[in-house]
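# Curious how this folds, go ahead:
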Amino acid sequence: MKIAEKRRVVVTGLGLATALGLDVYECWDKVLRGVSGIGTLKLKGAEKSPVQAAAGISEADFKRIETEFQDDLQRAGERRTLFSLWASKCAMEDAALLSFDGKRWRYGTVLAAGAPVNRLEDIYRHISADKKFDYESYMCNLNEIHPESMLRNNSSRAAALIAGKFNLNGVNATVTTACASATQAIGVAFNIIRDGRQDVIVAGGADSMINPVGLVFFVLLGAASVAAEKPELLCRPFDKKRSGLVMGEGSGMVVLEELQHAKNRGAKIYCEVAGYGSSMDAWQVTAPHPQGAGAEASMAEALRDSGIGIDGIDYINAHGTSTKLNDTAETLAIKKVFGGYAKDICISSSKSMTGHLLAASGGPEFVFTVLSTRHDEIHPTINLTNPDPKCDLDYVPNVKRTKTVRAALSNSFGFGGQNASVVVKKYHDRLV
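Numbering: from 1, shown residues only. Below you'll find the predicted structure:
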């Protein structure tokens, strides 16, 4: 099917829950000003942890979410599910869809969620005298298991709760592809609407792994920063002295809607989703292809799908993790896709301020990409003071940029070699 014959998909609602706040424009204002949401790790016993920083949602904001969903606490249980409910409600409210009397079986949910976990305290409680794990005791006391355990909250539970809460009776899917998850969820939702199978989908991601198991996992992989510096300075994507990622948590959700459906109800339109690409490195589980081959394929496919030429992209919201391997591989991939034009593109990393939201990371980053396209403002990459010679593009260091953004690309790359890229462009009533 030719691009002109396909249904068009627009963004009509935005919702966020991040360490920067619970309001979309509060978060947007902070990232434009280069305010970091990264602070001191506050877990019990954290003083002995090699990781000393995280971008956690504040206690006050979490209480606000718990109050909002007081009736759902027993069912929702875990933090990431509560974050997804908050961000979904905000996006639906922003799109004026909470009480809209539409065909709800044409409204769906595609959510990215991280892999479920077993909590250390649950395992410790059932270690027998001979130092072996007592399976029978564990399974006979399910009510004592922490609400965030996989036995009480599998990956698909959050998407089901969102659908039930907001009467989204159409397609319901959960994407769990590591750090590419949320961008893949948005891309999959885009394709479902464009193909005519749904009219509205609430899409994005939610995750929270700021717990001992989650933190140890990334320390053992050598991906997390264990440097002893001020927390707000630790995440420095594309900087020569970068020392690894800083864990974040939260959710970013958007309402994607078929254009005529949005116009018929007079919806506010932020921008148009133009293309989606996905690829697999098939290289290593915990390292990207050294030449960025998978990332290159993902971006190239998103551009081909959008019908936009390389000189039509003004901004890239990078995966930008602040790890040695990712930032150089992503830079190489951008150069391969865009050639000499790569130096003319503004590139920035939201993670320098939000931390790495893992499976959810593509959600807030897509929201910021949408806002850049709508408002012609690009947030900076903060803490970039010693440019890495291997990362030699324009990463908008430390100060925001004002620039016309005709179209933009948002990248997410995950462990396992999974890659996803989404293209958005300014909305014009006539297809251009």
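
# Just give me the neighbour total for residue 280.
15 (other Cβ atoms under 10 Å). Every residue, glycine included, has its C-beta placed from N, CA and C.

# what's the spacing between it and residue 177?
Applying Cβ to Cβ, to the nearest Å, the value for residue 280 to residue 177 is 10 Å.

# where do the contact lists of the two overlap?
416, 418 (Cβ atoms under 8 Å, 6 or more residues apart in numbering).

# any low-confidence regions in the chain?
Under the criterion of pLDDT under 70, the regions of the chain flagged as low confidence span 1-5, 74-77, 432.

# residue ranges of the strands in it, please?
Counting by DSSP state E, the segments of the chain that form strands are 9-17, 39-40, 53-54, 107-113, 172-175, 200-208, 249-258, 271-280, 315-317, 346-348, 377-378, 401-402, 407-414, 418-425.

# which of those strands is buried the deepest?
With neighbours taken as mean count of other Cβ atoms under 10 Å, the strands of the chain reach their highest mean count in strand 200-208, at a mean of 32.

# ok, that strand: who's next to it in the sheet?
Applying DSSP bridges to the sheet, strand 200-208 is found paired with strand 107-113 (parallel), strand 249-258 (antiparallel).

# Now do the first one against strand 407-414, angle only.
Which is strand 107-113. 50 degrees (axes from the mean of the first three to the mean of the last three Cα atoms, to 10 degrees).

# neighbours around residue 220, how many?
For residue 220, the tally of surrounding residues (other Cβ under 10 Å) stands at 9.

# any idea how far residue 216 lies from residue 51?
Computed with Cβ to Cβ, the distance linking residue 216 and residue 51 is 9 Å.

# Look at those two and report which has more neighbours.
Counted by other Cβ under 10 Å, residue 216 and residue 51 do not tie: residue 51 has more neighbours, with 23 against 15.

# How about the contacts made by the nearest residue to the more buried one once chain neighbours are set aside?
Take residue 51 and drop its neighbours on the chain: the residue closest to it by Cβ to Cβ, 6 or more residues apart in numbering is residue 215, 4.9 Å away. Residues in contact with residue 215 (Cβ under 8 Å, 6+ apart) are 41, 49, 51, 54, 209, 224, 247.

# So what does the fifth one look like in phi/psi?
For residue 209, the backbone dihedrals are phi -130, psi 30 (criterion: degrees, to the nearest 10).

# Can I get stretch 369-381 in PDB, CA atoms only?
Once side chains and other backbone atoms are set aside, the C-alpha atoms of stretch 369-381 remain, and they are given as PDB (Å, rounded to 0.1, in the frame of the first residue of the first chain):
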ATOM      1  CA  THR A 369      10.400  14.000  20.900                       C
ATOM      2  CA  VAL A 370       6.700  14.800  20.300                       C
ATOM      3  CA  LEU A 371       7.000  18.100  22.300                       C
ATOM      4  CA  SER A 372      10.200  19.000  20.400                       C
ATOM      5  CA  THR A 373       8.400  18.600  17.100                       C
ATOM      6  CA  ARG A 374       5.400  20.600  18.300                       C
ATOM      7  CA  HIS A 375       7.300  23.500  20.000                       C
ATOM      8  CA  ASP A 376      10.600  23.600  18.000                       C
ATOM      9  CA  GLU A 377      12.700  23.300  21.200                       C
ATOM     10  CA  ILE A 378      15.300  20.600  21.900                       C
ATOM     11  CA  HIS A 379      16.400  19.600  25.400                       C
ATOM     12  CA  PRO A 380      20.100  19.400  26.100                       C
ATOM     13  CA  THR A 381      22.300  16.400  27.000                       C
END
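
# in it, what counts as buried?
Of the residues in stretch 369-381, those scored as buried under the neighbour-count criterion (16 or more other Cβ atoms under 10 Å) are 369, 370, 371, 372, 373, 374, 376, 377, 378, 379, 380, 381.

# pretty sure residue 72 contacts residue 164?
No. Under the criterion of Cβ atoms under 8 Å, residue 72 is not in contact with residue 164, lying 9.3 Å apart.

# Helices of the stretch 151-300 of the chain, start to end?
Secondary structure of the stretch 151-300 of the chain (DSSP state H, counting those that start in this stretch): helices located at 157-166, 181-194, 212-220, 259-264, 293-306.

# among these, which is the most enclosed?
Comparing the helices of the stretch 151-300 of the chain by mean neighbour count (mean count of other Cβ under 10 Å), helix 181-194 ranks first with a mean of 28.

# Against residue 103, how distant is residue 325?
From residue 325 across to residue 103, the span is 46 Å (Cβ to Cβ).

# neighbour-wise, which of the two wins?
Here residue 325 and residue 103 are set side by side on neighbour count (other Cβ under 10 Å), and the busier one is residue 325, at 16 against 12.

# and the contacts of residue 215 as a markdown table, adding distance to residue 312?
Formatted as a markdown table, the contacts of residue 215 follow (distance: Cβ to Cβ, whole Å):
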| residue | distance to residue 312 |
| --- | --- |
| 41 | 42 |
| 49 | 46 |
| 51 | 41 |
| 54 | 38 |
| 209 | 36 |
| 224 | 37 |
| 247 | 35 |
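
# Out of those, give me the two with the largest separation.
Farthest-apart pair in the contacts of residue 215 is 49 and 209; separation 13.8 Å (Cβ to Cβ).

# which of the two has more neighbours?
Shown here are residue 49 and residue 209; by other Cβ under 10 Å, residue 209 has more neighbours (24 against 16).

# which residues sit in contact with the more buried one?
Shown here is residue 209, whose contacts under the criterion Cβ under 8 Å, 6+ apart are 114, 117, 215, 217, 247, 249, 358.

# Among these, which one sits closest to residue 203?
residue 114 (16.1 Å).

# Now for that closest one: which residues touch it?
Shown in contact with residue 114 (Cβ under 8 Å, 6+ apart): 80, 155, 176, 178, 181, 207, 208, 209, 358, 359, 360.

# Spatially nearest residue to it (excluding sequence neighbours)?
Here the residue nearest residue 114, using Cβ to Cβ, 6+ apart, is residue 359, at 3.8 Å.

# What count of nearby residues applies to that neighbour?
31.

# so it touches residue 184, yeah?
No. If you go by Cβ under 8 Å, residue 359 and residue 184 don't touch, sitting 9.7 Å apart.

# Need the overlap of contacts for those two.
With Cβ under 8 Å, 6+ apart as the test, residue 359 and residue 184 both reach 112, 177.

# ok, now which ones touch the spatially closest residue to residue 357 that is not a sequence neighbour?
Distances taken as Cβ to Cβ, 6+ apart put residue 248 closest to residue 357, at 4.6 Å, once the chain neighbours are dropped. With contact set as Cβ under 8 Å, 6+ apart, residue 248 has these partners: 18-19, 37-38, 54-56, 210, 351, 354-358, 361.

# Could you check how far the residue lying closest to residue 349 once chain neighbours are set aside is from residue 63?
With Cβ to Cβ, 6+ apart as the measure, residue 320 is the residue that lies nearest to residue 349, at 2.7 Å, once sequence neighbours are left out. Distance check for residue 320 against residue 63: by Cβ to Cβ, it reads 31 Å.
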